[in-house]
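S.K.: Got a predicted model here, sequence first, then my questions.
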Amino acid sequence: MAERPPRIAVAIPCYRVRDHVLDVITRVPAQVERIYVVDDQCPEQSGQLVQERCTDPRVTVLRHDQNQGVGGAVTTAYRAALDAGMDIVIKIDGDGQMDPALIPHLTRPILRGKADYTKGNRFYRPESLAGMPGIRLFGNAALSFINKLSTGYWPLMDPTNGYTAIHTSVLRRMPLHKLDRRYFFESDMLYQLGTMRAVVHDVPMDAVYAGEPSSLRVSRVLPEFLVKHLVRFFKRYVYLYLLRDFNLGSLYSIAGVLLLAGGTVFGLANWVHGAMVGQPASSGTVMLAALPVLVGIQFLIAFLHYDVSHLPTEPLSLDLEDER
């Protein structure tokens, strides 16, 4: 008996994309079975435009009564795709900056059983960065490093890239109601996938900017993203290194923090005492303070090395698909 072809859906969140969304839909390849256009209370009524002018039978328009942000719009499309029994869901923006021709490249690693989730990476080829504004280049580079720490996916770059594909067997087990509803959505997806130990692959793509003003302001989101990433790093650490497992990385991190904190407190206490009595600390006291600090830093470096070297390699979808 021949194996059935995969059922693939596309999610297109719509907010101020009236000038581009119809063209994006026409370029979605034939292998896609369904296209979910989510009008996120768009002031330009993008959903109504699609409903009136688009004749593609694959298209379903979903509407929000209130704006929920890109995360809320994509989550709505995810739920619709799950209800319809889709196998893979691709998220693509409606502003024309993501080429639908790349959809086969995003789905291929998932279909071959090599990944649970794929995402675009505009940093892969130096040539693709030629058209990227400098402020976006800097902001994405900074966010990429912070994202590595909070999600554990150290090889990945371009975490804010929203061109993604996910196997629905993994999506079905994600807490969709907990996902961030705004610009942190893509990073939050990676954090949730990291706690599940899902396999994530980057797919090279070119950056395309057609002159549209971006509502994402790096100076505004960097502090907000930093706080959210730090919170998720500690959550990931507690879950993976204290609750789910207690391993060599756990010992490295605990010993590192205790030694670093102890040496720092001891050194500061003796420095303050010496300043108050007018007597400098002895060389022995300095060594007693410096040694645990240096050893603690080495232990924390060892923890990071352990974290980097223990990426998930076996896709969850291989086992989860059998449970459907």
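M.R.: Arrived safely. Residues are numbered from 1 along each chain as shown.
S.K.: how about low-confidence regions in the stretch 101-250 of the chain?
M.R.: In the predicted model, the stretch 101-250 of the chain carries pLDDT under 70 at residues 127-133, 135-136, 139, 207-220.
S.K.: how about the strands of it, start to end?
M.R.: Taking DSSP state E, counting those that start in this stretch as the test, the strands found in the stretch 101-250 of the chain are 117-121, 164-167, 200-204.
S.K.: I'd like the distance from the first one to the chain centre, please.
M.R.: The one in question is strand 117-121. Its chain's C-alpha centre and that of strand 117-121 lie 9 Å apart, by CA atoms, centre = their mean, to the nearest Å.
S.K.: what comes into contact with that strand?
M.R.: 98, 102, 106-107, 109-110, 156-158, 161-167, 170, 186, 189, 193, 198-205 (CB atoms under 8 Å, 6 or more residues apart in numbering). Yep, even glycine has a C-beta here, placed from its N, CA and C like the rest.
S.K.: how much space is there between the residue nearest to the spatial centre of the chain and G71?
M.R.: Geometric centre of the chain, nearest residue: S187, 2.9 Å, by CA atoms, centre = their mean. According to CB to CB, to the nearest Å, S187 and G71 sit 10 Å apart.
S.K.: buried sites along the longest helix belonging to the chain?
M.R.: The longest helix of the chain (DSSP state H) is helix 248-277. Of all the residues in helix 248-277, those buried under the rule 16 or more other CB atoms under 10 Å are 249-250, 252-253, 255-256, 259-260, 263, 266-267, 270.
S.K.: before we move on, back to that, so which of the strands of the stretch 101-250 of the chain is the most surrounded?
M.R.: Neighbour counts (mean count of other CB atoms under 10 Å) averaged over each of the strands of the stretch 101-250 of the chain peak at strand 164-167, with a mean of 26.
S.K.: Show me what it is packed up against.
M.R.: Packing contacts for strand 164-167, counted by 3 or more CB pairs under 8 Å, 6 or more residues apart in numbering; DSSP states H and E, involve strand 88-91, helix 103-111, strand 117-121.
S.K.: Residues in contact with it: which ones?
M.R.: Strand 164-167 is contacted by residues 87-91, 103, 106-107, 110, 116-120, 186, 189, 315, 317, 320-321 when judged by CB under 8 Å, 6+ apart.
S.K.: what lines up beside that strand in the sheet?
M.R.: According to DSSP bridges, strand 164-167 forms sheet pairs with strand 88-91 (antiparallel), strand 117-121 (antiparallel).
S.K.: Restrict it to CA atoms and write it as CSV.
M.R.: Provided in CSV are the C-alpha atoms of strand 164-167 (Å, rounded to 0.1, in the frame of the first residue of the first chain):
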residue,chain,number,x,y,z
THR,A,164,9.4,28.2,10.4
ALA,A,165,8.0,24.7,10.0
ILE,A,166,7.0,22.2,12.7
HIS,A,167,5.8,18.7,12.8
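S.K.: returning to that earlier point: return the residues in contact with the closest residue to the residue nearest to the centre of the chain other than its chain neighbours.
M.R.: Of all residues not flanking S187 in the chain, P159 sits nearest, at 5.1 Å (CB to CB, 6 or more residues apart in numbering). With contacts defined as CB under 8 Å, 6+ apart, P159 is in contact with 140, 143-144, 147, 151, 186-187, 190.
S.K.: same question, E224
M.R.: Neighbours of E224 in contact, by CB under 8 Å, 6+ apart: F184.
S.K.: how much space is there between it and D180?
M.R.: Counting by CB to CB, the gap from E224 to D180 is 10 Å.
S.K.: what sits in contact with each of S187 and G71?
M.R.: Residues touching both S187 and G71 (CB under 8 Å, 6+ apart): D180.
S.K.: still on that earlier bit, quick one: closest of the strands paired with strand 164-167 to P292.
M.R.: With CB to CB, the closest approach to P292 among these belongs to strand 117-121: 40.3 Å.
S.K.: Next, the angle from that closest one to strand 200-204.
M.R.: Relative orientation of strand 117-121 versus strand 200-204 (axes from the mean of the first three to the mean of the last three CA atoms, to 10 degrees): 30 degrees.
S.K.: Is L258 in contact with L300, as I believe?
M.R.: No - using CB atoms under 8 Å, L258 makes no contact with L300, being 10.8 Å away.
S.K.: Centre of the chain to stretch 87-101, how far?
M.R.: Relative to its parent chain, stretch 87-101 has a centroid offset of 16 Å by CA atoms, centre = their mean.
S.K.: try stretch 184-191
M.R.: Chain-centre distance of stretch 184-191: 4 Å, with CA atoms, centre = their mean.
S.K.: Mind listing what's buried along that stretch?
M.R.: Of all the residues in stretch 184-191, those buried under the rule 16+ other CB under 10 Å are 184-191.
S.K.: any residues touching that stretch, and which ones?
M.R.: Residues outside stretch 184-191 that contact it (CB under 8 Å, 6+ apart) are 69-71, 74, 117, 119, 143, 147, 150-151, 153, 156, 159-162, 164, 174, 179-180, 200, 224-225, 228-229, 232, 235-236.
S.K.: swap in stretch 37-57?
M.R.: If you take CB under 8 Å, 6+ apart as the criterion, stretch 37-57 is touched by 11-18, 21-22, 25-26, 28, 35, 59-70, 72-74, 76-77, 94.
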